[in-house]
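>>> Following is a predicted model, sequence given first.
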Amino acid sequence: MIQIKKLVKEYSSRQGTFLALDNVSLHIPKGAIYGIIGLSGAGKSTLVRCLNLLEKPSSGQIIIAGQDLTQLSGKALRQARQNIGMIFQHFYLLQSRTVAENIAFPLEIAGLHKREITARVEELLHLVGLKDKATSYPAQLSGGQKQRVGIARSLATKPQVLLCDEATSALDPQTTLSILNLLRDINQKLGLTIVMITHEMKVVKEICTDVAVIHEARIVEYGPIEFVFTQPQSDIGREFIATVFPTELQADVLSEIATHKDSEIVRIQFLGSRASDPIITDLLKACDVRANILYGSIDHIRSTLFGTLTLELLGNPEQLQQAHQYLASRELKVEVIQRAL
Ligand SMILES: Nc1ncnc2c1ncn2[C@@H]1O[C@H](COP(=O)(O)OP(=O)(O)OP(=O)(O)O)[C@@H](O)[C@H]1O
């Protein structure tokens with residue numbers, strides 16, 4: 001649906017040029033909820049603003065639904081933009097217009113008849129659960145309700161793509177969840193492709209199908225979220241994952257265990273139905289090792305169960321090797337965190 005090819009964005013100022021996007025390429029498939037995560041200043045907003053040409057790329061291509069936006073200007077670009085909705089952290093609603101009038105705004109600009117506008121606004125109010133707020137003004141709404149108006153307005157012209165720039169960053173955790181659920185519903189009901197720009201891994205974990213990590217203007221890793229969460233390739237990717245799945249052991253625990261003889265610490269990860277397998281019981285039955293549970297958690301990545309178990313395994317080198325072979329035969333991802341000397 002979206003092809004980003006060798007995208008470069010440089011900002012020029014009196015101090016010189018600053019490279020905000022460095023050769024970014026990404027394919028966002030139709031129907032995906034694609035997270036783009038990065039620290040402040042990584043280039044996320046620049047990337048999302050380049051996607052609808054609010055920001056003009058220095059070079060590279062943005063191909064949406066087969067059309068290269070970088071080749072368009074004037075009326076053709078305005079028309080192509082109708083296929084791309086956008087929502088923002090600070091909503092940007094028109095304060096002097098009611099909820100219904102805010103949602104109607106892009107339809108008025110598109111030149112629809114009043115009757116068509118009224119019908120479409122009704123439909124959208126229903127979709128975002130704001131039927132009873134049609135005549136309210138933005139100042140009378142909560143943050144979550146304002147974002148619902150933003151979503152309805154962005155969908156007015158029936159776009160195929162929705163860009164979300166930190167859309168839940170100004171909301172409390174519960175409201176964030178309700179907005180994420182709404183976006184997931186819309187993605188499923190309308191087959192909309194959603195790009196979520198965020199600095200919060202919990203947003204990615206909740207609804208994204210895929211994620212790209214952007215760091216210092218470059219994409220440092222990307223892929224389906226189950227893959228990135230279980231096999232992160234970059235330090236920054238690992239740091240983001242640790243914000244939602246903290247598995248680090250305290251340094252004093254590690255140094256205490258380091259004094260044990262014939263011991264190693266392993267972290268095991270499970271996905272899907274494996275997360276509820278009785279893995280320790282099975283391991284101890286199959287192998288002549290002892291196990292000491294140091295940390296365990298079970299959570300989900302989107303709707304898939306995700307478990308982490310950190311164990312101290314005790315046994316001689318052959319017994320430990322046997323345990324590794326057993327865990328590998330169960331197709332579990334095992335990482336050795338520390339081995340006794
Ligand atoms: N108009 C501009 N002129 C010069 N530099 C800019 C401009 N806009 C952004 N930058 C710089 O480009 C880099 C990326 O900015 P961008 O806003 O894309 O980051 P971000 O990842 O969205 O960060 P944040 O989450 O803090 O908004 C930053 O170092 C920023 O200072």
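Sure thing, it's come through.

>>> Please list all residues in contact with the residue in the stretch 151-300 of the chain that the ligand sits nearest to.
Closest residue of the stretch 151-300 of the chain to the ligand, Cβ to the nearest ligand atom: H199 (5.5 Å). (C-beta placed from N, C-alpha, C; glycine too.) Listed by Cβ atoms under 8 Å, 6 or more residues apart in numbering, the contact set of H199 reads I37, G38, L39, S40, K44, E166, S169.

>>> Show the pLDDT at the residue nearest to the fourth one when sequence neighbours are not counted.
Translated: S40. What sits nearest to S40 in space, not counting adjacent residues and going by Cβ to Cβ, 6 or more residues apart in numbering, is H199, at 6.5 Å. Note on H199: pLDDT of 94.

>>> The one 5 residues further on too?
Per-residue confidence at V204 stands at 95 (pLDDT).

>>> Show me what secondary structure element comes after the helix or strand harbouring it.
Counting by DSSP states H and E, the element that carries V204 is helix 201-207. Later in the chain than helix 201-207, the nearest helix or strand by DSSP H and E is strand 210-215.

>>> is any part of that next one close to the ligand?
No. Counting by Cβ under 6 Å from any ligand atom, the ligand has no neighbours in strand 210-215; the shortest distance is 7.0 Å.

>>> Relative to that strand, what are the paired strands and their orientations?
Strand 210-215 has its sheet partners listed here by DSSP bridges as strand 33-37 (parallel), strand 218-224 (antiparallel).

>>> Would you mind listing the buried residues in the following helix or strand past the longest one?
On the C-terminal side of strand 218-224, the nearest following helix or strand under DSSP H and E is helix 225-230. With burial defined by 16 or more other Cβ atoms under 10 Å, the residues of helix 225-230 counted as buried are I225, E226, V228, F229.

>>> my read: the second one touches L305, true?
No. Contact between E226 and L305 fails when scored by Cβ atoms under 8 Å: they sit 10.7 Å apart.

>>> Mutual contacts of those two, please.
L271.

>>> Who does the strand or helix carrying G307 pair with, and is each partner parallel or antiparallel?
Using DSSP H and E, G307 sits in strand 304-314. The pairing partners recorded for strand 304-314 under DSSP bridges are strand 263-271 (antiparallel), strand 290-301 (antiparallel).

>>> Same list (those strands) but as TSV, adding mean pLDDT, mean neighbour count and distance to I87.
What follows is the strands paired with strand 304-314, written out as TSV (pLDDT from 0 to 100; neighbours: other Cβ atoms under 10 Å; distance: least, Cβ to Cβ, whole Å):
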stretch	mean pLDDT	mean neighbour count	distance to I87
strand 263-271	88	20	31
strand 290-301	89	15	24
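
>>> Make TSV out of these and add distance to the ligand.
Shown next, in TSV, are those (distance: least, Cβ to the nearest ligand atom, whole Å):
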stretch	distance to the ligand
strand 263-271	29
strand 290-301	23
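
>>> quick one: F229 and S96, what's the gap?
Distance of F229 to S96, computed by Cβ to Cβ, to the nearest Å: 45 Å.

>>> out of everything not next to it in sequence, what's closest to D262?
Per Cβ to Cβ, 6+ apart, closest to D262 is N316, 5.4 Å.

>>> From the contacts of H199, which land in strands?
Among the contacts of H199, the members found in strands (DSSP state E) are I37.

>>> Among the contacts of H199, the buried ones, what's the ChimeraX command?
The ChimeraX command for the buried members of the contacts of H199 (criterion: 16+ other Cβ under 10 Å) is given here:
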select :37,38,44,166
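
>>> out of the contacts of H199, who's near the ligand?
The subset of the contacts of H199 lying close to the ligand, counting by Cβ under 6 Å from any ligand atom, consists of G38, S40, K44.

>>> Show me which helix runs longest in the protein.
Using DSSP state H to define each element, the chain has its longest helix at helix 173-190.

>>> avg pLDDT for it?
On average, helix 173-190 scores 95.

>>> CA atoms only for that helix, dumped as PDB, please.
In PDB, the C-alpha atoms belonging to helix 173-190 read as follows (Å, rounded to 0.1, in the frame of the first residue of the first chain):
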ATOM      1  CA  PRO A 173      -3.600   5.000  29.900                       C
ATOM      2  CA  GLN A 174      -7.300   4.000  29.900                       C
ATOM      3  CA  THR A 175      -8.400   6.500  27.300                       C
ATOM      4  CA  THR A 176      -5.300   5.500  25.200                       C
ATOM      5  CA  LEU A 177      -6.600   1.900  25.300                       C
ATOM      6  CA  SER A 178     -10.100   2.900  24.200                       C
ATOM      7  CA  ILE A 179      -8.700   5.000  21.300                       C
ATOM      8  CA  LEU A 180      -6.400   2.100  20.300                       C
ATOM      9  CA  ASN A 181      -9.300  -0.300  20.300                       C
ATOM     10  CA  LEU A 182     -11.300   2.100  18.100                       C
ATOM     11  CA  LEU A 183      -8.400   2.300  15.600                       C
ATOM     12  CA  ARG A 184      -8.200  -1.500  15.600                       C
ATOM     13  CA  ASP A 185     -11.900  -1.700  14.900                       C
ATOM     14  CA  ILE A 186     -11.700   0.700  12.100                       C
ATOM     15  CA  ASN A 187      -8.700  -1.100  10.700                       C
ATOM     16  CA  GLN A 188     -10.700  -4.300  10.600                       C
ATOM     17  CA  LYS A 189     -14.100  -2.900   9.500                       C
ATOM     18  CA  LEU A 190     -12.800  -0.600   6.800                       C
END
